[in-house]
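In: Provided below for reference: sequence and predicted model.
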Protein chains: 2
Amino acid sequence: MESGSDMRDFSQDHRWLSLNTATVRKSRGVEAALTDIIEDCARRGIRAISPWRDQVAACGLETISLLIKAHGMELSGYCRGGMFPAADAEGLRAARDDNRRAVDEACELKAPCLVLVVGGLPGALAGRAAYKDIALARNQVKDGIAELLDYARSVRMPLAIEPLHPMYAADRACINTMEHALDICDELDPRRSGAIGVALDVYHVWWDPKLRAQIERAGKSRLLAFHVCDWLTPTTDLLNDRGMMGDGVIDIPLIRGWVEDQGFAGYSEVEIFSAGNWWQRERADVLDTCISRHRSAV
Amino acid sequence: MESGSDMRDFSQDHRWLSLNTATVRKSRGVEAALTDIIEDCARRGIRAISPWRDQVAACGLETISLLIKAHGMELSGYCRGGMFPAADAEGLRAARDDNRRAVDEACELKAPCLVLVVGGLPGALAGRAAYKDIALARNQVKDGIAELLDYARSVRMPLAIEPLHPMYAADRACINTMEHALDICDELDPRRSGAIGVALDVYHVWWDPKLRAQIERAGKSRLLAFHVCDWLTPTTDLLNDRGMMGDGVIDIPLIRGWVEDQGFAGYSEVEIFSAGNWWQRERADVLDTCISRHRSAV
């Protein structure tokens, strides 16, 4: 692999594995407590996690903050801010306020960035889109990020726009390519200050013929997070049928090579939503598999 | 709508409605004969169809050709050629030969173009991808189109590359944006001879922030077909949960306006794969709904 010569060797340990805690959100189908997830990660020498706000809230922010500190763990990101578009001014204000709280929580947890899933057509997630004008949604997203960026800069919390796969354009995120995300970064932060960049999840962008060029455009200063899982064939659900690394068709080492060629030296964050498979298994089994696949398939 | 001032008025009749016959592939869940579909279309004054090769083969090419002629119908396209990538030379040859037959059938049916669904990673459709190198698949696609184009030119059958939604990149088509499709058109036919262009299906491209710019780049000479349906929220199946126009979130008139601004004056082809809804209904109901939605939502 031409770009791989200088890649970090993951085959010997899992020093650079981070666990996105949605991957073990459920164990045998039952919702898991984040405290238990953290303990199980610490026991296996997993040094970083990326928790979700609802999981943190269920245990209490201070509890989680102390537990992470006690284990000497890091965060690879905090999931998530975003969902900026709204049908009215009240909705836009609510999104703004909620995003500021997300920034504050990320600070408390010493996250390296707040991941932004920017939102789509307001109401679409509930099956009732308030409007069809995706250009308007995109403008609301840009305005929302711009406003949040002022606040996030003031508390030194970087924002990581996560371009989501185009199949989520309607209901989850109307930023769907690295190119689009980087256009917004360049517009809001032309000096590449480090205040805003992208979270690259191979699941969302692996298909893009411009991926390598856009990773090169991003450069180290914009590459704030790197997420891995795999694309299954067939994929039976648009949201919750992600594959374990190695079980699908994504050439993950190729993409990691491109990212590391830019100087990225952070965690590979495993983020798998899998209602029918991994969420039905024992958490220990899932974590052990993440570790072994991190060595063999990332 | 700024671009809509010169759009054709579809509200009064269905002169420019074409039926992609996959839309009524099944009636009450039972496979339908293409001859019956054509008769029902003719009865309703639907003046054009776009049939699938397997539907034609089931009735016989000559039978269908004569029936279409007898009703004075047109084709808006022929579905479909493509599936170029393969794991070995034998597979590549088989694809080449099959595509030439598809061109011949398109000629016999006097189609204005052969639609190309170009294929993805070989074997992925059966859940066993022969390789993960999507760049290789894309090269095989380009080589396959180039070779087919020589033959298609000789018999004057235009080829229409259909960029498929990125969620089909692995198993159905690794050309997923208008931009990528047009890059290939420009490389293979820089003179814009009319021998190759794109089939734009709103379902596949509606999300693309560069859609309008790429439609303008395509221009009339590259816009060979225009397909409509709708994106449902939620979408419960990656392949067979398309919506009837008006039932989803796509601003179809906006996109049609952009296409017609380029001088496109052809059919709006309704193509709905819907295992759980429209394929469960009576064909008469589906056809009548297509006609009314063509007037109100296209």
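Out: Yep, it's here. Numbers count the residues shown, from 1 in each chain, chains lettered A, B, ... in the order given.
In: can you get me a residue count around A:Ala160?
Out: Look at A:Ala160: counted by other CB atoms under 10 Å in any protein chain shown, it has 25 neighbours. (Each C-beta comes from the backbone N, C-alpha and C, glycine too.)
In: part of a strand, is it?
Out: Yes: assessed by DSSP: H, G, I helix; E, B strand; the rest coil, A:Ala160 belongs to a strand.
In: correct me if wrong: it contacts A:Phe226.
Out: No: contact criterion CB atoms under 8 Å: A:Ala160 and A:Phe226 do not qualify, at 10.4 Å.
In: what is in contact with those two at once?
Out: Counting by CB atoms under 8 Å, 6 or more residues apart in numbering or on different chains, the residues touching both A:Ala160 and A:Phe226 are A:Ala199.
In: the nearest residue to A:Ala129 once chain neighbours are set aside: how many residues sit nearby?
Out: Closest residue in space to A:Ala129, ignoring its immediate chain neighbours: A:Leu121 at 4.1 Å, by CB to CB, 6 or more residues apart in numbering or on different chains. A:Leu121 is flanked by 24 other residues according to other CB under 10 Å.
In: kindly confirm my reading that A:Leu121 is in a strand.
Out: No: using three-state DSSP, the assignment for A:Leu121 is coil, not a strand.
In: name all residues that make contact with it.
Out: Contacts of A:Leu121 by CB under 8 Å, 6+ apart are A:85, A:129-132, A:134, A:137, A:170-171, A:174, B:233, B:249.
In: CSV for those residues, including pLDDT and neighbour count?
Out: Converted to CSV, these look like this (pLDDT from 0 to 100; neighbours: other CB atoms under 10 Å in any protein chain shown):
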residue, pLDDT, neighbour count
A:Pro85, 98, 28
A:Ala129, 98, 22
A:Ala130, 98, 15
A:Tyr131, 98, 15
A:Lys132, 98, 20
A:Ile134, 98, 25
A:Ala137, 98, 27
A:Ala170, 98, 26
A:Asp171, 98, 25
A:Cys174, 98, 29
B:Thr233, 98, 20
B:Val249, 98, 24
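In: spell out which parts of chain A neighbour chain B.
Out: A:121, A:124-125, A:127, A:129, A:132-134, A:138, A:165-167, A:169-171, A:174, A:176-177, A:180, A:206-209, A:231, A:233-236, A:238, A:248-251 (CB under 8 Å from any CB of the partner chain).
In: just the buried ones from the residues you listed?
Out: A:121, A:124-125, A:129, A:132-134, A:138, A:165-167, A:169-171, A:174, A:176-177, A:180, A:206-209, A:231, A:233, A:235, A:238, A:248-251 (16 or more other CB atoms under 10 Å in any protein chain shown).
In: now, those that are in helices?
Out: A:134, A:138, A:180 (DSSP state H).
In: closest one to A:Arg44 out of those residues, please.
Out: A:His180 (36.9 Å; CB to CB).
In: isn't that closest one up against B:Pro209?
Out: Yes: at 5.2 Å, A:His180 counts as touching B:Pro209 under the criterion of CB under 8 Å.
In: how close does whatever residue of the stretch 51-200 of chain A ends up closest to chain B sit to B:Leu211?
Out: Per CB to the nearest CB, A:Ala169 is where the stretch 51-200 of chain A lies closest to chain B, at 3.6 Å. Noted for A:Ala169: a distance of 11 Å to B:Leu211, by CB to CB, to the nearest Å.
In: try A:Ser221
Out: 29 Å.
In: just the helices from the stretch 51-200 of chain A, written as ranges.
Out: A:53-59, A:61-70, A:89-108, A:134-154, A:178-188 (DSSP state H, counting those that start in this stretch).
In: quick one: contacts of the longest one?
Out: When you say that, I think you mean helix A:134-154. A:81, A:84-86, A:92, A:95-96, A:99-100, A:103, A:114, A:116, A:118-122, A:131, A:158-159, A:161, A:169, A:174-175, A:184, A:187-189, A:193, A:195-196, B:206-207, B:209, B:251.
In: what of the second one?
Out: For helix A:61-70, contacts defined as CB under 8 Å, 6+ apart pick out A:34-35, A:38-39, A:49, A:51, A:56, A:74-75, A:105, A:108-110.
In: mind redoing it with 10 Å?
Out: A:34-35, A:38-39, A:41-42, A:48-49, A:51, A:53, A:55-60, A:73-75, A:104-105, A:108-110 (CB atoms under 10 Å, 6 or more residues apart in numbering or on different chains).
In: how about that helix, which residues are buried there?
Out: A:64, A:67-68.
In: and stretch A:8-25, by the same measure?
Out: Those would be A:10, A:14, A:16-25, for stretch A:8-25 by 16+ other CB under 10 Å.
In: what's the first-to-last distance across that stretch?
Out: 29 Å (CA to CA, to the nearest Å).
In: so how far is it from its chain's centroid?
Out: 14 Å (CA atoms, centre = their mean, to the nearest Å).
In: any idea how far A:Met83 lies from A:Leu125?
Out: 9 Å.
In: who touches both of those two?
Out: A:119, A:172.
In: point out where chain A drops to low pLDDT.
Out: Along chain A, the model assigns pLDDT under 70 to residues A:1-5.
In: which residues in it form strands?
Out: Assignment of strands within chain A using DSSP state E yields the ranges A:17-20, A:26-27, A:30-31, A:48-50, A:74-75, A:78-82, A:114-117, A:159-161, A:196-201, A:223-228, A:268-270.
In: the ones you listed: which one's closest to A:Ile291?
Out: strand A:17-20 (6.5 Å).
In: other SSEs contacting the closest one?
Out: helix A:34-43, strand A:48-50, strand A:223-228, strand A:268-270, helix A:283-297 (3 or more CB pairs under 10 Å, 6 or more residues apart in numbering or on different chains; DSSP states H and E).
In: CSV for those, including distance to A:Gly144 and mean neighbour count?
Out: Shown next, in CSV, are these (distance: least, CB to CB, whole Å; neighbours: other CB atoms under 10 Å in any protein chain shown):
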stretch, distance to A:Gly144, mean neighbour count
helix A:34-43, 27, 18
strand A:48-50, 22, 27
strand A:223-228, 18, 26
strand A:268-270, 24, 27
helix A:283-297, 33, 18
